[in-house]
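Undergrad: Here is a sequence with its predicted model. Questions after.
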Amino acid sequence: MDTATSLGSLPDHLLLDVVEYLDTARDVSHLGSSSRRTHNLIHHDGWKTFVRTRFPSLAVPSSDSTGWGPVADRLTYLDRCWERRAFIFNYFQEAAQKRERGYRHGQRPRHGQSVRFQSVVDAQLVSSTQHEMLACGAGEDLFVRWRATDGTCPGTWRSLLGRETGYAAGTGDVTAVSAIERDSRPEVIVGRANGDVQLLSAADDDSFGQPVKRLLPLDHGEVNPRSSPGQLAVTWTEWQPQAQMIARCRSSLLALYNLSSEDEAELKPMVYYNASKDERGGDASLVLCAKFMGSDTIACGIGGSSEPLRWGKIRPTGLELSPATYYSDGQAYSAFTAPRGTVRAIEPIGGAKNEHLLLSAWDDGSYRLLDMRTPSSHDAVYRDRFQPYHAGSSLLVYGTERFVAGGNREPVLRLFDFRCPKPYFHFSALPCSDRSPAPEHPEVAQMRSHGRQRNRSTLPAQQPPSAAPSDRCDLAGAGLCSWHAQSRQPSWRPDATMYLSADNRGPVFSLAKASDLSGSLYCGLRGEVAEATLTLAGDITQETAKRTAPPGWMMTGGERAPSDVTIVETGISRCHSEGWMGTDPMASVGLYNHHPFGSSQYVLRDPPERSRLDSSVRKREGSSVDGPRRRFGT
């Protein structure tokens, strides 16, 4: 009796089980090409299985018509760009002719305003049109751009000028913006420096900019008109689509509005929370940000508070928040004994799949990951090892794979790996080698630079090196080759910091992306908006890099413009011992210059053979910067 079974005769569920064990999209494609039946199965279900197995934490927009093959291609490409630090940068600024003479760079005489505006940005994937919508608040003006999700076209801009809608520079500046989709129509929530909040139409038609709803303040006057500008301004707006709710942060108040009623043009808050009532002596605290953790839970970050991170349930009877952080013995912080702190940004982790994980940026320079179900002050802590006390002011999260933090002092993007188990490695499809990856990771480079051995007991556990170099992977026996084995180690995938501009002295006020499938992230800077697009240097063309600016603005950067972006690799940022400083600061770091086509300002080394970094990331000749270990003698 012949019991031999061909691969094509296996049941579908067994073939999909095989797909779950394939490391690369190339392997899945080869399986699909083995027969007509496997080709059809991979086309209809195989790529979906691959995406959900290798990128389980990413929120992938999908529908019945989603082509999962292109989705897999997109996600694998973006992962390769992230790991290789492959970006192209564009900056949107006001046209030079709009500025008056006699002011230093970074200043703008906006009717008495001594400095340039603080840009705020948000982005949204509009499912009804499959376009990415970018909303930018620039002073008193609002700009919106629509662009196809593949990024092949530059997009269309429209503007809503403050002077045309009754808002003056300064008091009418946009201080908070949320791009949303409601009832299959794009809309924008706009909060301003004078406390006004409006829901505006963002459709690319005659209704653009028309008010849909106006959010009223509390009946009893929530803020004294003589308060400081920081107390008057709306600091944050947030949208919860399932519950049809808007959260608005202003001064010490967090207010929630219900948008389920279409008849009312003006909405009063359904519930509100005063963060100052839990402070000693009723001291004023500033609610800086808020995020929904599901349809009935909300968390907020507070400035100048003994309980700077709070969360709670939304109930018909009101909104009561409690501290989200605890002492090591499980006791909540006391408002009368705890030191004051500030949480400037928070982001939920995992989306609808996990409504309990929250990442927060603290003013001591730490980024704390917390599971709300545990009686703990943190479950993981991350800290830039080169500038460990530099705080972040904005966050952007990509599942449980990585997050980006915007600097609170300067235009800096810090790229962190969560260091959770990683199901996909882009280099698994690359050829084997008995060599080590290049360039050297920061730990090795630092030891070589200073000629001394560091105390390895303080470092996170690494895989032991192979007894002898191997030039070929043998999955059935000896294991991985030297190159693939070392590339999987955390130390060879270091975190990094990108310094965006030497001319801009302001922080990164906000960060945004349309979705986890988007190849662009947006940064709200002082007087300008930056777009960082994930693109390998070999894939950059004039068409892919082409961007248009809003009316009255100009664009700088692009595929052949000189880049002033500097990159430093900072090792593993996840703290490996108890306490907020459970990581070893870098004594010094090497500087990389980002430019796809070379630079005349610096002498740049050619990338090493089979570099783990993109060819646009070039080492500066003989350049390094001292870190805290060198400066403070630690």
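TA: Received the coordinates, thanks.
Undergrad: which residues touch Tyr382?
TA: Applying CB atoms under 8 Å, 6 or more residues apart in numbering, we find Tyr382 in contact with Ser366, Tyr367, Arg368, Leu369, Phe416, Ser573, Arg574, Cys575. Using the backbone N, CA and C atoms, a C-beta is placed for each residue, glycine as well.
Undergrad: Now render the residues you listed as CSV, adding distance to Trp157.
TA: Below are the contacts of Tyr382 laid out as CSV (distance: CB to CB, whole Å):
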residue, distance to Trp157
Ser366, 38
Tyr367, 34
Arg368, 38
Leu369, 37
Phe416, 32
Ser573, 37
Arg574, 40
Cys575, 43
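Undergrad: what about the closest residue to Arg435 other than its chain neighbours, which SS state?
TA: Closest residue to Arg435 apart from its sequence neighbours, by CB to CB, 6 or more residues apart in numbering: Trp483 at 5.9 Å. Under DSSP: H, G, I helix; E, B strand; the rest coil, the three-state class of Trp483 is helix.
Undergrad: Let me know the distance separating the residue with the shortest distance to the centre of the chain from Leu41.
TA: Taking CA atoms, centre = their mean as the criterion, Leu396 is the residue nearest the geometric centre of the chain, at 2.0 Å. Distance, Leu396 to Leu41, using CB to CB, to the nearest Å: 36 Å.
Undergrad: Stretch 236-255 - what's its average pLDDT?
TA: Stretch 236-255 shows a mean pLDDT of 96.
Undergrad: Can you dump the C-alpha atoms of that stretch in PDB for me?
TA: The C-alpha trace of stretch 236-255 is given here as PDB (Å, rounded to 0.1, in the frame of the first residue of the first chain):
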ATOM      1  CA  TRP A 236      -5.000  67.700  24.300                       C
ATOM      2  CA  THR A 237      -7.900  66.200  22.400                       C
ATOM      3  CA  GLU A 238      -8.600  62.500  21.900                       C
ATOM      4  CA  TRP A 239     -11.300  60.500  20.100                       C
ATOM      5  CA  GLN A 240     -12.900  57.200  21.100                       C
ATOM      6  CA  PRO A 241     -14.800  55.800  18.000                       C
ATOM      7  CA  GLN A 242     -16.700  52.900  19.700                       C
ATOM      8  CA  ALA A 243     -18.100  55.100  22.500                       C
ATOM      9  CA  GLN A 244     -18.400  58.200  20.200                       C
ATOM     10  CA  MET A 245     -16.600  60.300  22.900                       C
ATOM     11  CA  ILE A 246     -14.100  63.200  22.800                       C
ATOM     12  CA  ALA A 247     -11.700  63.900  25.600                       C
ATOM     13  CA  ARG A 248     -10.500  67.400  26.100                       C
ATOM     14  CA  CYS A 249      -7.700  68.500  28.400                       C
ATOM     15  CA  ARG A 250      -7.400  72.100  29.700                       C
ATOM     16  CA  SER A 251      -5.800  73.400  32.800                       C
ATOM     17  CA  SER A 252      -6.400  70.900  35.600                       C
ATOM     18  CA  LEU A 253      -9.600  69.500  34.000                       C
ATOM     19  CA  LEU A 254     -10.300  66.400  31.900                       C
ATOM     20  CA  ALA A 255     -13.700  66.600  30.200                       C
END
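Undergrad: just to revisit the earlier point, go ahead and confirm the residue nearest to the centre of the chain touches Ala512.
TA: Yes. Between Leu396 and Ala512 a contact is recorded at 7.2 Å, counting by CB atoms under 8 Å.
Undergrad: Are there residues contacting both of those two? Which ones?
TA: Residues touching both Leu396 and Ala512 by CB under 8 Å, 6+ apart: Leu521.
Undergrad: Name the helix or strand for His13, please.
TA: If you go by DSSP states H and E, His13 is part of helix 12-20.
Undergrad: Give me the distance from that helix to the chain's centre.
TA: 34 Å (CA atoms, centre = their mean, to the nearest Å).
Undergrad: Can you name the next helix or strand after it?
TA: As assigned by DSSP H and E, the chain's next helix or strand after helix 12-20 is helix 25-32.
Undergrad: Which other helices and strands does that next one contact?
TA: On a contact count with 3 or more CB pairs under 8 Å, 6 or more residues apart in numbering; DSSP states H and E, helix 25-32 meets helix 12-20, helix 36-41, helix 47-54, helix 68-84.
Undergrad: What are the neighbouring residues in contact with Gly69?
TA: If you count contacts by CB under 8 Å, 6+ apart, then Gly69 has His43, Trp47 around it.
Undergrad: what's the distance between it and Ser63?
TA: Separation of Gly69 from Ser63 (CB to CB) stands at 15 Å.
Undergrad: Leaving out chain neighbours, which residue sits closest to Gly351?
TA: Leaving out its chain neighbours, the residue that sits closest to Gly351 by CB to CB, 6+ apart is Ala59, at 4.6 Å.
Undergrad: Would you mind giving me the confidence score for the one you found?
TA: pLDDT for Ala59: 93.
Undergrad: Okay, and it sits in which element?
TA: Judged by DSSP H and E, Ala59 forms part of no helix or strand.
Undergrad: Thought Ser518 was touching it, still the case?
TA: No. Using CB under 8 Å, Ala59 is not in contact with Ser518, being 11.0 Å away.
Undergrad: which among the contacts of Tyr382 end up buried?
TA: Buried subset of the contacts of Tyr382 (neighbour count, 16 or more other CB atoms under 10 Å): Ser366, Tyr367, Arg368, Leu369, Phe416, Ser573, Arg574, Cys575.
Undergrad: pLDDT score for the third one?
TA: Same thing as Arg368. Reported pLDDT for Arg368: 95.
Undergrad: tell me which residues form a beta bridge with it?
TA: In this entry, Arg368 is beta-bridged to Ser360, Val381, by DSSP bridges.
Undergrad: That concludes my questions; thank you for your assistance.
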